[in-house]
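Trainee: Pasting the sequence and the predicted coordinates here, then a few questions.
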Amino acid sequence: MGQKHDNWKIIPAFHPEFDLERCDYVNGCSICAKECSFGEISLRPVKGADGDVLYRPWANLAACNACQRCVKMCPQKAIHIRQRPMHTSHAYWTPYHVSNIWRQARTEGGVLLVGMGATGPQKRYFDSLMFDACQVTNPSIDPLREPMEIRCYLGKKADHYGGIVGPQLQLEVPIMFGAMSFGAVNLRVQEAGAIATQARGTFWNTGEGGFHSTLRRYKGNTIVQVASGRFGVSEEYLKSAAAVEIKIGQGAKPGIGGHLPGEKVSEAISQTRMIPEGTDALSPAPHHDIYSIEDLRQLIYAIKEATDYKVPVSVKISAVNNVAPIASGIARAGADIIAIDGFRGGSGATPLQIRQNTGIPIELAIAAADERLRAEGIRNTVSLVASGGVQCSSDVLKAICLGADAVYIATPVLVALGCGMCQRCFTGKCPYGITTNRPGLAERVDVEEAAQALKNLLYAWAEEIKELMGSMGISAIEALRGNRDRMRAVGLGSEELRILGVKHAGE
Amino acid sequence: MCGIVGIINTDGKMVDGSHIREAIRIQQERGNGLGGGFAVYGAYPEHLDKYAFHIMYEGNRNSSVVPVVEDNLMSQTTVCHSEEIPVYPNKKVPQGPYFKRYFLQPREEFMTPEQTEEDYIVDIVMSINKIDGAFVVSSGKNMAVFKGVGYPEDIADYFGIVNYKGHTWIAHNRFPTNTPGWWGGAHPFTILDKAVVHNGEITSYGTNVRWLEMYGYHCMLQTDTEVISYIYDKLTRKDNLTVENACFVMAPSLWDEIDRKGDGEKKYLRQIYGPAIVNGPFGIVLTNNSGMIVLNDRNKLRPVVCAKAGETFYASSEECSIRLLSPEVEKIWSPKGGEPVVVDLKKDTVWRVN
């Protein structure tokens, strides 16, 4: 920086503290320093009792992101992460705003980048919705004793006998893994997702970074994406998967494109994305061949032609103000699936201001879209997939009650791989080896272990969903789709109730 | 908990309402006096080709709604005959709402080209049900529904059902658990000649209603039985499903079984009619002018017993009703969950339609 008075110096909010009573540095342990990918922990020489030089861990007070990697890996359980106050408390000028301004003033006027989904205080509507349960007048169903069906099919369906059912995705659990590209995450993460979804009978999404050749053996459970950068898109690519998804938007960054810096474009990424090694991978904000809905229709049908009408075509949009009429337009443009991504949806890298301030909650978006499609009598022509903020199995079921056919989860997938939610995915320094392709870091994901963790997650959520359904006396998940009658809201206003189509508790 | 009974003489033999009255009376334990009702087929042979509308008006014969509804009917149909439905108020069931019946034919000049006669009649039923204070109790040809608040045997006496004759009778004894006991909320529920009596609680109600709304059905009563009759109507009349397929849609086999059998037709039905699945405990008897269907939920969470004695077929929540009417019954069984029992009027019976 070189400023004379470094008034803007960022005081890191966190730092590790070492309990030297427990620490094993005297025997040469240096695991924490090796594990810290942000460069916060170094080793400092100190004189031992017998005059030897020992290296003890040292906090640099510069780069800690509270990822907890060192805490988890320390064999002696000798590390604590401490948070330090930035200034005296001010209800309005919070550390968040103050440090953001410092950061921008100090750097070269940079746009603040972050990873993961929006952190703001906006209401989580899922929490205001409570399920109904059977009492006396109808028996609840014990999923351990009675069959409980959670299979669903995504794709265009006729609304009367004799009509045509288009190509379908068969999901044994109504949860798919959302788009995370090779580049944003590494191949190990993608492969773990592919293995787990194949084992549990559902689907994972390649994201916009192409479909690596080594993963093509999982093509029956793969959705490939066509985004504005068209990375890796070829006729063969389109034909290599169970479904094709056109990505228009993403909940974490509605209305803007993406940027994978050239440094991250390794040989493997370059081959998969079909761009030269070391060049920036830029996804433009809009698709340059989609400037209106009729253009989208052409792309949908171009993909259908290329795939001989054998796979469903999905269109993914961010949840925005006009989500309902947009969804209707997409359905009429020929899409088989519409994926709506709420503002809580995650991202490997997104501008802070966009992430925090653009888009609407998925609960309201899915309710509005479902209602609109029904009002127009075209709900059957398209399946709805909700995403962006799903945190647990009950959120999945609430989204289905509001009108979704299935959900995408992505942040929970990363968390299931150990993600500590430090929100530094864009740095390529992911200490858990998830959102990085760096040698030495990426190996921290063991494909088999990771796949097992994801299988466990899908299994656990499926069991919880069955348990919830049983308590409501439901034995087939289609009986809950759009069944807003089985939920009541606590503490919502009449406008929110109207949009969600849910009655208030007590009514 | 509710009680249901169905009796059908497949040879078309006509019997009066005294049998069904006894059959449902013996199940008094299953109700609580907040609703009873009956449907009878073959009731109006003198008006065979006319839709028999039973309309309930809140208040008495001077209700201001009566002329509103009648203007509505006159403008859309030819009302060939109308009369008050005779009632016999007594200590157990004091004077209830005002009932009147109309025998009518649609005025074809008002039908749109894409409408069938039955679509046209359904639209009229829906429009009357939207009028506050009026409710169409039944609307089929040659059939009638009598229902109200009270124990079913007392409702039977209130309407004097022994004075009616029919080849098919169904009855219901209500123990309301979702909507308050009121005259319109008693069973059976009907649309055209389809009537349903139902013991159960539909946990898929919200899904079913929102699906039906897409096709112009408006569920006014907040009761699941109404939903079942509309689903059945949509499936069989509008979409021309066979009875077996319609029952499959409402209580489908498990995906595992469909997979095992490689049954493409059933997979297709479940895919397109997912929102019409009826979940939750139910036992229903569904009738129309050509026969009777008995159906249980997939998990068999409500009792239904079926029996056959000569040309007569019975369905009941309790075996005692059947034993009472037919001690010499030749076959009696409890149908499996989700497996419909379909009984048709014999082809040569004079009453059979189609």
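Mentor: Arrived safely, thanks for sending.

Trainee: Where does the prediction get shaky in the stretch 51-200 of chain B?
Mentor: B:178-179 (pLDDT under 70).

Trainee: the strands in it, which residues?
Mentor: With DSSP state E, counting those that start in this stretch as the criterion, the stretch 51-200 of chain B has strands at B:51-57, B:77-84, B:98-106, B:134-138, B:143-148, B:165-166, B:168-173, B:189-191, B:194-200.

Trainee: Check the stretch 351-500 of chain A too.
Mentor: Assigned by DSSP E, counting those that start in this stretch, the stretch 351-500 of chain A shows strands spanning A:383-387, A:406-409, A:487-489.

Trainee: How about the shortest one and chain B, touching?
Mentor: No - contact of strand A:487-489 with chain B is not found when judged by CB under 8 Å from any CB of the partner chain; the minimum separation is 8.9 Å. C-beta: built from backbone N, CA, C; applies to glycine.

Trainee: so for that strand, what's the average pLDDT?
Mentor: For strand A:487-489, the mean pLDDT works out to 98.

Trainee: quick one: it to chain centroid distance?
Mentor: Put simply, strand A:487-489 sits 26 Å off its chain's centre (CA atoms, centre = their mean, to the nearest Å).

Trainee: do the same with the second one
Mentor: In this view, strand A:406-409 has its centroid 10 Å away from the chain centroid, taken as CA atoms, centre = their mean.

Trainee: that older thread, any chance of the strands of the stretch 51-200 of chain B in TSV, with mean neighbour count too?
Mentor: Shown next, in TSV, are the strands of the stretch 51-200 of chain B (neighbours: other CB atoms under 10 Å in any protein chain shown):
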stretch	mean neighbour count
strand B:51-57	23
strand B:77-84	14
strand B:98-106	20
strand B:134-138	24
strand B:143-148	27
strand B:165-166	22
strand B:168-173	32
strand B:189-191	26
strand B:194-200	28
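
Trainee: Can you add distance to A:Glu496 and give these back as JSON lines?
Mentor: Shown next, in JSON lines, are the strands of the stretch 51-200 of chain B (distance: least, CB to CB, whole Å):
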{"stretch": "strand B:51-57", "distance to A:Glu496": "37"}
{"stretch": "strand B:77-84", "distance to A:Glu496": "44"}
{"stretch": "strand B:98-106", "distance to A:Glu496": "42"}
{"stretch": "strand B:134-138", "distance to A:Glu496": "33"}
{"stretch": "strand B:143-148", "distance to A:Glu496": "39"}
{"stretch": "strand B:165-166", "distance to A:Glu496": "51"}
{"stretch": "strand B:168-173", "distance to A:Glu496": "39"}
{"stretch": "strand B:189-191", "distance to A:Glu496": "34"}
{"stretch": "strand B:194-200", "distance to A:Glu496": "33"}
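
Trainee: what about those strands, which gets the closest to chain A?
Mentor: strand B:194-200 (7.3 Å; CB to the nearest CB).

Trainee: Quick one, which of the strands of the stretch 51-200 of chain B gets closest to B:Cys320.
Mentor: strand B:168-173 (12.7 Å; CB to CB).

Trainee: That closest one pairs with which strands, parallel or anti?
Mentor: strand B:3-9 (antiparallel), strand B:36-41 (antiparallel) (DSSP bridges).

Trainee: quick one on the thing from earlier: highest mean neighbour count out of the strands of the stretch 351-500 of chain A?
Mentor: Ranked by mean neighbour count, the strands of the stretch 351-500 of chain A are led by strand A:383-387 with a mean of 28 (mean count of other CB atoms under 10 Å in any protein chain shown).

Trainee: Would you give the sheet partners of that one, along with the direction of each?
Mentor: By DSSP bridges, strand A:383-387 pairs with strand A:337-341 (parallel), strand A:406-409 (parallel).

Trainee: Same list, those, but as CSV with mean pLDDT please.
Mentor: Shown next, in CSV, are those (pLDDT from 0 to 100):
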stretch, mean pLDDT
strand A:337-341, 98
strand A:406-409, 98
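
Trainee: if you compare the strands paired with strand B:168-173, which one is most tucked away?
Mentor: strand B:36-41 (a mean of 30).

Trainee: For residue 138, give me its contacts.
Mentor: The chain I'm using is chain A. By CB atoms under 8 Å, 6 or more residues apart in numbering or on different chains, A:Asn138 lies in contact with A:473, B:200-201, B:203, B:280-281, B:301.

Trainee: I was thinking of chain B, sorry if that wasn't clear
Mentor: B:Ser138 neighbours (CB under 8 Å, 6+ apart): B:39, B:52-54, B:144-145, B:190, B:195.

Trainee: Which residue is the nearest non-sequential neighbour of the residue in the stretch 401-507 of chain A that chain B sits nearest to?
Mentor: As assessed by CB to the nearest CB, chain B sits closest to A:Asp485 within the stretch 401-507 of chain A, at 2.9 Å. Spatial nearest neighbour of A:Asp485, excluding adjacent residues (CB to CB, 6 or more residues apart in numbering or on different chains): B:Gly206 at 2.9 Å.

Trainee: What is the helix or strand containing that neighbour packed up against?
Mentor: Secondary structure from DSSP states H and E places B:Gly206 in helix B:205-213. Under the contact definition 3 or more CB pairs under 8 Å, 6 or more residues apart in numbering or on different chains; DSSP states H and E, helix B:205-213 sits against helix B:224-233.

Trainee: Please point out which parts of the following helix or strand past the helix it packs on sit buried.
Mentor: Counting by DSSP H and E, the next helix or strand C-terminal to helix B:224-233 is helix B:243-250. Within helix B:243-250, the residues scored as buried using 16 or more other CB atoms under 10 Å in any protein chain shown are B:243, B:245-250.

Trainee: From B:Asn245, how far out is B:Val342?
Mentor: Going from B:Val342 to B:Asn245 by CB to CB, to the nearest Å gives 11 Å.

Trainee: Please apply the same query to A:Ser99.
Mentor: In terms of CB to CB, A:Ser99 sits 65 Å off from B:Asn245.

Trainee: Report the distance from stretch A:448-457 to the chain centre.
Mentor: Taking mean C-alpha positions (CA atoms, centre = their mean), stretch A:448-457 and its chain are 17 Å apart.
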